[in-house]
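A.B. asks: show me how the following folds:
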Amino acid sequence: MWILILACVYLAVGSIGFAYHFSELRQPEGVWIELTELQAILSGAFMLRGQNWARWLALAWIAFHVVLSAFRAFHELAMHTLLFAVIVWFLFRPEGRRYFRSAKALS
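C.D. replies: The predicted structure follows:
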């Protein structure tokens, strides 16, 4: 159940971020921002389908944000690091591994 919630959070964050940053597409870095938002959407959508690679994509997405926040205020780094730890915990608990393994068996 927690994987489904996490996947929906990724979908929501990616969709809201994509809409919010859409006007920045005219700037070169705006394209990169939108690509990271699409990465969140993809990982959320395919986590719902139980694709194992999608949890690794989700992990890469939050890890990227940890690295980015290392160059900003400490509280941003602390928050992203905490989110990273929570996401790792949910994705790699025995329930999470079973979720992704059972989806593989169905395909």
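A.B. asks: from R93, how far off is P28?
C.D. replies: P28 sits 40 Å away from R93, going by C-beta to C-beta, to the nearest Å. (Each C-beta comes from the backbone N, C-alpha and C, glycine too.)
A.B. asks: who has more neighbours out of these two?
C.D. replies: In terms of neighbours (other C-beta atoms under 10 Å), R93 is the more surrounded of P28 and R93; the figures are 13 against 8.
A.B. asks: excluding its backbone neighbours, what's nearest that one?
C.D. replies: With sequence-adjacent residues excluded and distances taken as C-beta to C-beta, 6 or more residues apart in numbering, R93 is closest to W2, at 7.9 Å.
A.B. asks: can you check what pLDDT the model gives the one you found?
C.D. replies: On the pLDDT scale, W2 is placed at 89.
A.B. asks: give me the three-state assignment for G50.
C.D. replies: At G50, secondary structure determined by DSSP: H, G, I helix; E, B strand; the rest coil is coil.
A.B. asks: surely it meets G96?
C.D. replies: No - when contacts are counted by C-beta atoms under 8 Å, G50 is not listed as touching G96 (10.5 Å).
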